[in-house]
Structures are given as structure tokens and as C-alpha cells.
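**Student:** attaching a predicted model along with its sequence, questions to come.
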Amino acid sequence: MQIRISWPAGNITATLDAGTPTAQALSKALPLTSSACTWGEEVYFDTGISVSRETDARQVVEPGTVAFWTDGDALALPYGPTPISRGWGSPRTEFGGECRLASPCNVLGSLDGDVRALATVRDGDPIRVELIDE
């Protein structure tokens, strides 16, 4: 399953595992619009859907992971370190690229292309998420 995430300065696509309960719930809610929040090198936004934490939820993920933050009913799109990442604020170290989410999140899939495009998202930007017809 593919989705497109758009904001005023750009857009990116993502490929999701349609077999997860969270991805299924998200697909039923699309298209959706929200307001972006930024936290270090992560963009997150409210989805209006509420799901349970899945058994394989993770707090440390790879840059470009599409995650669902169950504590905030939000999609979380990390592209680099967050304020709670090991090594945050210091020069790039072995931990400098760690994407540590606020709490364990359901992993839905991954962003396609250059995840650094998310650096152009500003706090408060309107965000639109839509399903791409396959």
C-alpha cells in the first residue's frame, strides 16, 4: 500500500505493510489533513484515529520509518535524531543518527526516496495524507 504525504514545500511517498492492523485503520481514514509538529528531526501529526500498541512496537527505528505513535494518535516520521536520541546535540557520533521516538510506536512501513525532504516541513504546516491508487 502506498501513501503520499504533502506539505506546502513538498511531498514524499511511503510504502506501508497493508497487513498490520494500524495500516488498515489508517487506510480507512484517508485522505486526512492535519497540522505538522516537529521534534528534532521528526515530523509528526494527529491522524484522528486511535489504535492499540502492537506487540512489535519499537522506540528506536531507522531514519525514514513510518511509525504510529499510539500515545498521541499520530503518524511519526523520523528522518534523523530527536531530542531524546543518544548523542543529541553533540557532533555526529556512533549514536548521532539514532531515531529515538517518544515511546514505542507501531511500525507501518518506510518512506520512499530522500527522507531529508522532511526537513522542509515547518511546525504548523498543513499536512495531507492520501492513498495512492495502485
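**Tutor:** Looks like it arrived, so ask away. Here the structure is a predicted model, which is why all the values come from computation and not from measurement. Residues are numbered from 1 along each chain as shown.

**Student:** check contacts around the residue nearest to the spatial centre of the chain.
**Tutor:** Closest to where the C-alpha atoms of the chain average out (C-alpha atoms, centre = their mean) is residue 77, at 2.1 Å. By C-beta atoms under 8 Å, 6 or more residues apart in numbering, the contact set of residue 77 is 5, 42-44, 65-67, 111, 115, 118. Every residue, glycine included, has its C-beta placed from N, CA and C.

**Student:** mark which of these are part of strands, please.
**Tutor:** 5, 42-44, 65-67, 111 (DSSP state E).

**Student:** poorly predicted segments of the chain, please.
**Tutor:** 87-97, 134 (pLDDT under 70).

**Student:** mind listing the helices for it?
**Tutor:** Ranges of helices in the chain, per DSSP state H, are 21-29.

**Student:** and the strands in it, which stretches?
**Tutor:** 2-7, 10-16, 32-35, 37-38, 42-46, 58-61, 65-69, 74-78, 99-111, 126-131.

**Student:** quick one: closest of these to residue 86.
**Tutor:** Of all the strands of the chain, it is strand 99-111 that lies closest to residue 86, at 7.1 Å by C-beta to C-beta.

**Student:** show me what counts as buried in the closest one.
**Tutor:** 99-102, 104-111 (16 or more other C-beta atoms under 10 Å).

**Student:** now distance to residue 28 too, for those residues, in JSON lines please.
**Tutor:** Shown next, in JSON lines, are those (distance: C-beta to C-beta, whole Å):
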{"residue": "99", "distance to residue 28": "27"}
{"residue": "100", "distance to residue 28": "30"}
{"residue": "101", "distance to residue 28": "24"}
{"residue": "102", "distance to residue 28": "25"}
{"residue": "104", "distance to residue 28": "23"}
{"residue": "105", "distance to residue 28": "19"}
{"residue": "106", "distance to residue 28": "15"}
{"residue": "107", "distance to residue 28": "19"}
{"residue": "108", "distance to residue 28": "14"}
{"residue": "109", "distance to residue 28": "16"}
{"residue": "110", "distance to residue 28": "21"}
{"residue": "111", "distance to residue 28": "21"}
